[in-house]
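*Asks:* Show me how the following folds:
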Amino acid sequence: MTRSVVIALGSGIIVGYFRVLPEWFFRHLDLVIQVSLFALVAGVGMELARNRGAWRAVRALGWPVLFLPATGMAGGIVAALLCAPLFGLSPTQGVTVASAFGWYSLAGVLITDLAGPALGITAFLSNLMREILAFVGAETLNRRLGGWPAVAAGGATSMDTTLVVLNQISAGKLSALGLVSGFIHTLCVPLLLPFWARFL
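*Replies:* Residues are numbered from 1 along each chain as shown. Prediction:
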């Protein structure tokens with residue numbers, strides 16, 4: 001699975017760099033991506049509906065299932081505090097960037113409005129990189145550390161883009177957990193970003 005993702009990503013970079021496809025395709029690329037994503041998520045939803053065991057497993061965990069997104073968010077913020085000085089950012093800037101939890105499209109726009117284009121671009125690139133690394137590394141994380149780290153790595157994306165990978169690598173067992181974790185991460189992003197930006 002990881003090899004296929006890397007090949008697909010690399011092929012996309014090559015096609016985009018050399019403009020292999022006609023220009024009209026690139027003008028409508030956002031629409032193509034959205035439609036493809038909706039189709040993938042719909043397919044995962046169908047698989048979830050068929051795989052009742054995944055939902056039963058999440059319900060059996062009860063309230064402790066909330067520890068996954070909570071610890072994922074806390075870990076991301078602590079890592080940002082430690083790494084921010086390495087990139088010339090203040091601790092508050094680092095936490096603000098990290099609080100997008102992989103939701104790069106919102107992070108870039110919102111942080112640009114709240115804190116200026118420099119930090120907005122930083123937020124966009126760092127959260128895009130998080131999504132790519134989670135997408136490519138989910139299989140390895142699941143194999144070596146277990147399913148929960150694989151889900152947590154995706155942050156907000158575990159309910160959409162990386163959900164597809166989680167579904168593939170676990171035969172559907174991590175899909176419901178990914179939806180729960182991604183949903184909670186996603187709910188927290190619009191609350192945390194403006195909160196931290198107040199202290200910039």
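
*Asks:* does D30 belong to a helix or a strand, and which?
*Replies:* D30 belongs to helix 29-50 when elements are defined using DSSP states H and E.

*Asks:* do A100 as well
*Replies:* Here A100 is assigned to no helix or strand, by DSSP H and E.

*Asks:* pretty sure it contacts L191?
*Replies:* No - shown here, A100 and L191 do not form a contact pair, counting by Cβ atoms under 8 Å, at 11.8 Å. Heads up, the C-betas are built off the backbone N, CA and C, glycines and all.

*Asks:* more crowded one of those two?
*Replies:* A100 (28 against 9; other Cβ atoms under 10 Å).

*Asks:* Which residues are in contact with the more buried one?
*Replies:* Neighbouring residues of A100 by Cβ atoms under 8 Å, 6 or more residues apart in numbering: L106, A107, L110, I111, A123, N127, A156, V189, L193.

*Asks:* what's the pLDDT at the first one?
*Replies:* Pointing back at L106 there. Note on L106: pLDDT of 82.

*Asks:* Next, count neighbours for it.
*Replies:* 18.

*Asks:* Phi and psi next, for it.
*Replies:* L106 adopts backbone torsions of phi -70, psi -40, taken as degrees, to the nearest 10.

*Asks:* What of the second one?
*Replies:* Backbone dihedrals for A107, given as degrees, to the nearest 10, come out at phi -60, psi -50.

*Asks:* Quick check: chain neighbours aside, which residue is closest to it?
*Replies:* Once flanking residues are discounted, A107 sits nearest to A100: 3.3 Å by Cβ to Cβ, 6 or more residues apart in numbering.

*Asks:* how much space between that neighbour and A123?
*Replies:* 6 Å (Cβ to Cβ, to the nearest Å).

*Asks:* which neighbours do the two share?
*Replies:* A107, I111.

*Asks:* if I look at the residue positioned nearest the centre of the chain, how far off is R143?
*Replies:* Most central in the chain under Cα atoms, centre = their mean is T157, positioned 2.8 Å from the mean C-alpha point. Distance, T157 to R143, by Cβ to Cβ: 20 Å.

*Asks:* Please apply the same query to L89.
*Replies:* L89 sits 33 Å away from R143, taking Cβ to Cβ as the criterion.

*Asks:* before we move on, the earlier item: need phi/psi at the residue nearest to A107.
*Replies:* Dihedral angles phi and psi of A100 (degrees, to the nearest 10) take the values phi -80, psi -20.

*Asks:* Next, the contact list for A150, please.
*Replies:* Per Cβ under 8 Å, 6+ apart, neighbours of A150: A138, E139, L141, N142, L166, I169, S170, L174.

*Asks:* So for the first one, what's the pLDDT?
*Replies:* To tie it back to what came earlier, the one meant is A138. Each residue has a pLDDT score; the one for A138 is 91.
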